[in-house]
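Asker: A predicted structure for the sequence below; I have some questions about it.
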Amino acid sequence: MRRWLKIRNFGAEMAKKRKGLTFIEIYGQKKAREIGRKISQKIILRQQGKTWEELWGRETALRIKNNLREKKLGISPMQGKKHSLSTKRLFSLQRQGNKNPSWLGGKAQEGYIWNWRLISQKIRERDNFTCQLCGDQILKQSKKRFLTAHHIDYNKNNNNSHNLISLCNFCNSSVNTQRNEWQNIFNKKMEIIQ
Ligand SMILES: [Zn+2]
């Protein structure tokens, strides 16, 4: 998510230089996507083993750190701020047609609420950082092994704590089939948890 944001900002910067045209407007969707991929690879390569300060200078690094801290505290990063014109334009382009977040009753928006991190952290805490399926306790999140808050009814818009349960990444990937059965199992578990 964070990586995607960086790419989007970078894309917006480039667009400004191209007299306000986006890559999609210049090259069409397919080519634009390819360019986006190449840029993201370059960005990743450039960032490897470097601190934010080395990459973007002190001021920007501080801003990013502040944003992250506010996010952790549950404050929206855009609170009291305004999007730049080019960002607004990008948003409106991204929301056209079936990419609109409210399309199909908000399906496209699933899980992408800004305070999701805080919600999932609360669920992990409630479950004592333990996967409720295999019983592994994961105190430190890593790329290989991490805990997620799983939506019991598979509706990612239902972020009620009764509908969320901690699962490790291994278990989480195995509950996508036989959904009804898993739903029953987890609902029974929740009777004990809450
Ligand atoms: Zn597990």
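Answerer: Yes, it's here.

Asker: going forward, measure contacts and count neighbours with C-alpha atoms only.
Answerer: Will do.

Asker: Name the residues of the longest helix along the chain that come out as buried.
Answerer: Longest helix in the chain by number of residues, with DSSP state H as the criterion: helix 52-73. The neighbour-count check on helix 52-73 (16 or more other CA atoms under 10 Å) flags 52, 61, 67, 71 as buried.

Asker: Kindly report the same for stretch 126-146.
Answerer: Neighbour count says stretch 126-146 has 127, 129-133, 138, 146 buried, by 16+ other CA under 10 Å.

Asker: Switch those residues over to TSV; also include distance to the ion.
Answerer: TSV is the format used below for the buried residues of stretch 126-146 (distance: CA to the ion, whole Å):
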residue	distance to the ion
D127	12
F129	11
T130	8
C131	5
Q132	7
L133	5
I138	9
F146	9
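
Asker: can you list the domains in this structure?
Answerer: What the record gives for the chain is the domain set 2-94, 113-193, from automatic domain parsing.

Asker: biggest separation within the buried residues of helix 52-73, which pair?
Answerer: The widest separation within the buried residues of helix 52-73, taken as CA to CA, falls between W52 and K71 and amounts to 17.5 Å.

Asker: quick one on the thing from earlier: which one of the domains of the chain is the most hemmed in?
Answerer: Most buried of these, by mean neighbour count (mean count of other CA atoms under 10 Å): domain 113-193, with a mean of 16.

Asker: avg pLDDT for that domain?
Answerer: Domain 113-193 carries an average pLDDT of 92.

Asker: which ones are touching E53?
Answerer: 60-62 (CA atoms under 8 Å, 6 or more residues apart in numbering).

Asker: Spell out which residues of this protein are next to the ion.
Answerer: Contact residues, the chain versus the ion (CA under 5 Å from the ion): 131, 134, 168, 171.
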